[in-house]
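**Student:** Structure, please.
(one chain, ligands or ions: 1)
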Amino acid sequence: MLDTLVQQIKAKVGNAPKALIDFREISQDVLKQFGKNGVTGFITKNGKNMPLKWYAETLTRTHITKAANDAIISNAIKSGKTKVQVSSHAGACHLCIPYQGKIYDVLGRDNLDTPPLMPIYPNCRHLLIPLGE
Ligand SMILES: [Zn+2]
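**Tutor:** Numbers count the residues shown, from 1 in each chain. The predicted structure follows:
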């Protein structure tokens, strides 16, 4: 069922700019799908009970961010302007801090690394920023 939901999120997001994506509407749809499929909650590996609304929002946010980053990489390759920068924000976790603000080349040219696959973990909000060069 999760694979189907992820496909539905991807279909709704398409190639729309992140600012035009209705996060609330998509996460509400995901929540409804959980209800229709009789899903009442999620339990983590260590036994923690995760609220369904929180999980629906996490799934939605993570896949919107992934779709946005995938679109930026795809557009960079098409345009030939392949340099990108990882966004920066306060309170970033230890997994993302090493990447914040760094410049990458989606094709690994000019002695730059290719960008990390972002989001690195669920709810990661880091985006790739096209540099137009
Ligand atoms: Zn992050």
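**Student:** Point out where this structure drops to low pLDDT.
**Tutor:** Applying pLDDT under 70 to the chain picks out residues 15-19.
**Student:** Could you tell me which residues of it lie near the ion?
**Tutor:** Residues of the chain lying near the ion by Cβ under 5 Å from the ion: 96, 124, 126. From N, CA and C alone the C-beta is placed, and that goes for glycine too.
**Student:** again, 6 Å this time
**Tutor:** With Cβ under 6 Å from the ion as the criterion, the chain meets the ion at residues 92, 96, 120, 124-126.
**Student:** mind putting these in CSV, neighbour count and secondary structure included?
**Tutor:** Shown next, in CSV, are these (neighbours: other Cβ atoms under 10 Å; DSSP: H, G, I helix; E, B strand; the rest coil):
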residue, neighbour count, secondary structure
A92, 17, coil
C96, 20, coil
I120, 13, coil
C124, 18, coil
R125, 15, coil
H126, 22, coil
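**Student:** Give me the buried stretch members for the longest helix seen in the chain, please.
**Tutor:** Longest helix of the chain, by residue count under DSSP state H: helix 52-79. The neighbour-count check on helix 52-79 (16 or more other Cβ atoms under 10 Å) flags 52, 55-73, 76 as buried.
**Student:** Would you mind listing the buried residues in stretch 102-109?
**Tutor:** The neighbour-count check on stretch 102-109 (16+ other Cβ under 10 Å) flags 104-106 as buried.
**Student:** chain center to it, what's the gap?
**Tutor:** Relative to the mean C-alpha coordinate of its chain, stretch 102-109 is positioned 19 Å out (Cα atoms, centre = their mean, to the nearest Å).
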